[in-house]
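**Q** Let's see this in three dimensions:
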Amino acid sequence: MRILLEALQAGRLFELTETSKKGAFEFLGRVLEAIPEIPDDSGVVEAMLAREGLGNTAIAEGVACPHARVDGITADIYCALGWSAAGLDYEAGDGKPVHLVIAYWIPDCQRVGFLKEMSGLAKAITLTGGIETLRKCDTLGEVRHGLLDWVSLVQSAELPDVRARMLRLTVKPPCEPDSTSEPREGL
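**A** Now for the predicted structure:
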């Protein structure tokens, strides 16, 4: 959830005025293309639309994660978030509208990082009861705080279970030479 947190800290959460999936892709893709670390000619919108053609990227009730994978670039993953209180017709498998769209730009070398991010997001959705907690929000600021709660909850759940163990160390007495054995030469 590091990437989601960085996007929230950078102010990349927006109210979506578009009601179509394509419109949301175009808006969030342009936001991603405005990030200085993303090359100008990266074609984020086109790559997201092409990926969406392979299969719908709605991952849970009310949440979708369209993404653009790019080859040959060594960089970090970036995302931009769009919120729609009314919901978008996303053609999701459950037929329900999508309220939270998290668009990712993923260099090919960051596949594992993206999988970790998706795992954290899935954990947040499961632990918080899903999009319903965010749908109760009246303002975009409240949605932002709700998402920060998701990040915090997942980060605290990922802390290792640390337990102190008491070790009892005993010192063995030094070996005394056996008086019945013959002395060895050359040592």
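**Q** what ranges do the strands span in this protein?
**A** Secondary structure of the chain (DSSP state E): strands at 13-15, 58-60, 63-64, 67-70, 78-88, 98-107.
**Q** Which positions within the last one qualify as buried?
**A** Of the residues in strand 98-107, those buried under the neighbour-count criterion (16 or more other CB atoms under 10 Å) are Val98, His99, Leu100, Val101, Ile102, Ala103, Tyr104, Trp105, Ile106, Pro107. Where you see a C-beta, it was placed from the backbone N, CA and C, and this is true even at glycine.
**Q** Just checking: what are the partner strands of it?
**A** strand 63-64 (parallel), strand 67-70 (parallel), strand 78-88 (antiparallel) (DSSP bridges).
**Q** circling back to that earlier point, can I get the strands of the chain in a markdown table including distance to Leu5 and mean pLDDT?
**A** Below are the strands of the chain laid out as a markdown table (distance: least, CB to CB, whole Å; pLDDT from 0 to 100):
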| stretch | distance to Leu5 | mean pLDDT |
| --- | --- | --- |
| strand 13-15 | 11 | 97 |
| strand 58-60 | 18 | 88 |
| strand 63-64 | 16 | 94 |
| strand 67-70 | 17 | 89 |
| strand 78-88 | 10 | 95 |
| strand 98-107 | 12 | 94 |
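**Q** Among those, which comes closest to Glu37?
**A** Distance to Glu37, taken as CB to CB, is lowest for strand 78-88 among these, at 7.0 Å.
**Q** Any buried residues in the closest one, and which?
**A** Quick answer for strand 78-88 (16+ other CB under 10 Å): Tyr78, Cys79, Ala80, Leu81, Gly82, Trp83, Ser84, Gly87, Leu88.
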